[in-house]
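Participant: Have a look; sequence and predicted model below, questions after that.
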Amino acid sequence: MQQIVDLFHKAGVFHIATVDGDQPRVRPFGLAMLFEDRLYFTTANRKSFYKQLQKNPNVEISAMIDENSWLRLEGKAVFDGSTAAKKRAFEVYPGFQEMYQSPENPIFEVFYLDKPSATLYSLTEEAKKIL
């Protein structure tokens, strides 16, 4: 899992795809974190992203690692209402303090990927399953 977090950090920005009815939706994200050996992400429950995950928790994530390689990760979003997970997000990204003021803010949500699967792709080499 740490390798995946490191790849997301190297990419800087990655994109998460959800489904809205029969329409795919893709959004840029910048925070991926490890907590209790799970890969976590954050959002706000007022966003359409959150509502889409409530209806269909399946996601696919893509991150361009360098000019020749990218990571594709898929899994099922599971929301975690624990204060411990939210506090960890505030530790990893201090900017949440300004956005949400507190990990207990009822708008702030964290989720992890259940049964994640990750593959590293390359323009010059065979795809390599890493999780």
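Facilitator: Cool, the structure landed. Numbering: from 1, shown residues only.
Participant: hey, where'd the helices end up in this structure?
Facilitator: 2-11, 48-55, 83-92, 96-100 (DSSP state H).
Participant: Out of those, flag the one nearest Glu109.
Facilitator: With Cβ to Cβ as the criterion, Glu109 lies closest to helix 48-55 of those, at 6.1 Å. (C-beta placed from N, C-alpha, C; glycine too.)
Participant: who does that closest one touch, helix- and strand-wise?
Facilitator: Applying 3 or more Cβ pairs under 8 Å, 6 or more residues apart in numbering; DSSP states H and E, we find helix 48-55 packed against strand 14-20, strand 23-29, strand 38-44.
Participant: With Arg27 as the reference, measure out to the residue nearest the centre of the chain.
Facilitator: Ranked by distance to the mean C-alpha position of the chain (Cα atoms, centre = their mean), the top residue is Phe41 at 4.0 Å. As for Phe41, its distance to Arg27 is 11 Å (criterion: Cβ to Cβ, to the nearest Å).
Participant: okay, and the common contacts of those two?
Facilitator: Common neighbours of Phe41 and Arg27, using Cβ atoms under 8 Å, 6 or more residues apart in numbering, are Ile16.
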